[in-house]
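Trainee: Sequence and predicted structure, then a few things I'm wondering about:
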Amino acid sequence: MAIYTKKGDRGETSIFNKEKTSKDSLKINAIGAIDEVNSYLGVIISESPELKKSINEIQKNLFVIGSILAGAPLRFSKAKTKKLERIIDNLEGSLPVLKNFILPGGGKIGAKLHFARTLVRRAERAIVSVSSLEAVKPEILVYLNRLSDYLFMLARNENFKEGVKEEVWKGSSK
């Protein structure tokens, strides 16, 4: 069986309900943004296998979110967000207190986690755009907001473990 169907050759795709949708629609853009986050998390796992367990769970959650956006009648539990919050709280308690903004970067994995955080923010913005046209489960937006916080803290933690000093932004480029 061939991987290609040729059904999308004219700039349209079918989503869960078989409805044809333009590939430049807000909904497809949002689903694609979720896919970008998921794929990039796979890149991070390939370079840091010790993060696989926690990131794989997030990847599965992102597949559920993408499916819901496509119209699948799935649920997304608030418990998933609560779990992220507990992990964030634990990480925050073990890291130096931040009093300023820090520049994204650090070691190889820390920098990639910072980039993944920005991809989540883009996906969140895309889903907010979709929510102006149709109802979006609020649990999804809350989860994505918390996921970006989690990735920020995970980046800080990875940099801390590697002994990479965070560079504070002083508010001026003089």
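Mentor: Received the coordinates, thanks. Numbers count the residues shown, from 1 in each chain.
Trainee: and Glu134, helix, strand or coil?
Mentor: Following DSSP: H, G, I helix; E, B strand; the rest coil, Glu134 is assigned to coil.
Trainee: so who does it touch?
Mentor: Going by Cβ atoms under 8 Å, 6 or more residues apart in numbering, Glu134 touches Lys27. Heads up, the C-betas are built off the backbone N, CA and C, glycines and all.
Trainee: tell me the pLDDT at it?
Mentor: With respect to pLDDT, Glu134 has a value of 94.
Trainee: And it, how close does it get to Leu26?
Mentor: Glu134 sits at a distance of 9 Å from Leu26 (criterion: Cβ to Cβ, to the nearest Å).
Trainee: so Asn159 makes contact with Lys112?
Mentor: No. If you go by Cβ atoms under 8 Å, Asn159 and Lys112 don't touch, sitting 11.1 Å apart.
Trainee: which residue ranges form the strands in the chain?
Mentor: Here the chain has its strands, by DSSP state E, at 12-14, 20-22.
Trainee: Check what contacts the last one and list those residues.
Mentor: Pointing back at strand 20-22 there. Contacting residues not belonging to strand 20-22 are listed as Gly11, Glu12, Thr13, Ser14, Ile15, Lys27, Ile28 [Cβ under 8 Å, 6+ apart].
Trainee: Let's see if you can find the most crowded of these.
Mentor: Lys27 (21 neighbours; other Cβ atoms under 10 Å).
Trainee: Now it. Nearest residue, chain neighbours left out?
Mentor: Closest residue to Lys27 apart from its sequence neighbours, by Cβ to Cβ, 6 or more residues apart in numbering: Val130 at 5.4 Å.
Trainee: That neighbour: how many residues sit nearby?
Mentor: Neighbours of Val130 (other Cβ under 10 Å): 19.
Trainee: what separates it from His114, distance-wise?
Mentor: Distance from Val130 to His114, by Cβ to Cβ: 25 Å.
Trainee: quick one: low-confidence ranges for this protein?
Mentor: With pLDDT under 70 as the threshold, the chain has low-confidence stretches at 172-174.
Trainee: Could you find the closest non-adjacent residue to the residue nearest the centre of it?
Mentor: By Cα atoms, centre = their mean, the chain has its centre lying nearest to Val120, at 3.4 Å. If the residues on either side of it in the chain are set aside, Val120 comes closest to Ser148, at 4.3 Å by Cβ to Cβ, 6+ apart.
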